[in-house]
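A.B. asks: I need the structure of the sequence given here:
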Amino acid sequence: MKRRTIALLIIIAVVAISSSMTSQSPSQKPQKAVDPVCGLSVDKLPELSVAYKGETYYFCSAADLKKFKDNPGKYIKK
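C.D. replies: Here you go, the predicted structure:
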C-alpha cells in the first residue's frame, strides 16, 4: 500500500511540475537590441550589458563589451 501511495505522489508531482512549465508563455521572445560595436541583433542579457550616460547597451560578446567600455564615444551614434 505504501508503494502505491508513493508512486501516486510522484506522478502527481511530475504532472504539477510539467503543467507549470507549460503554462508559462513560450511565445514570449527575449527582447532584442543592437550591439553598438558590431551591429548584430542581440538578446538583452544583463551579463552582456553596460549602462552609459543613462542608456543601457547590450553586446553579443564579452569582447565587444570590453571594446565599448574602453572607448564608448567611438560606438555611440550622436
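A.B. asks: Please count neighbours and contacts with C-alpha atoms only from this point.
C.D. replies: Will do.
A.B. asks: Please point out which parts of stretch 6-18 sit buried.
C.D. replies: Within stretch 6-18, not a single residue qualifies as buried, counting by 16 or more other CA atoms under 10 Å.
A.B. asks: Just the mean pLDDT for it, thanks.
C.D. replies: Per-residue pLDDT values over stretch 6-18 give a mean of 81.
A.B. asks: Okay, buried residues for stretch 51-64 please.
C.D. replies: 57-60, 64.
A.B. asks: Could you do stretch 63-72 as well?
C.D. replies: Using 16+ other CA under 10 Å as the test for burial, stretch 63-72 gives 64-65, 68.
A.B. asks: Can I get these in JSON lines including pLDDT and secondary structure?
C.D. replies: Formatted as JSON lines, these follow (pLDDT from 0 to 100; DSSP: H, G, I helix; E, B strand; the rest coil):
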{"residue": "D64", "pLDDT": "96", "secondary structure": "helix"}
{"residue": "L65", "pLDDT": "96", "secondary structure": "helix"}
{"residue": "F68", "pLDDT": "97", "secondary structure": "helix"}
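A.B. asks: Save these as a markdown table, and put in distance to S49 too.
C.D. replies: As requested, the buried residues of stretch 63-72 are exported to a markdown table (distance: CA to CA, whole Å):
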| residue | distance to S49 |
| --- | --- |
| D64 | 10 |
| L65 | 7 |
| F68 | 10 |
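A.B. asks: which of those residues lies closest to V15?
C.D. replies: Nearest to V15 out of those is L65 (CA to CA; 42.2 Å).
A.B. asks: check contacts around D70.
C.D. replies: Counting by CA atoms under 8 Å, 6 or more residues apart in numbering, D70 touches no other residue.
A.B. asks: Give me the pLDDT value at it.
C.D. replies: For D70, pLDDT reads 97.
A.B. asks: mind checking how far the nearest residue to D43 once chain neighbours are set aside is from L45?
C.D. replies: The spatially closest residue to D43, leaving aside those adjacent along the chain, is K32, at 4.6 Å (CA to CA, 6 or more residues apart in numbering). Distance of K32 to L45, given as CA to CA, to the nearest Å: 9 Å.
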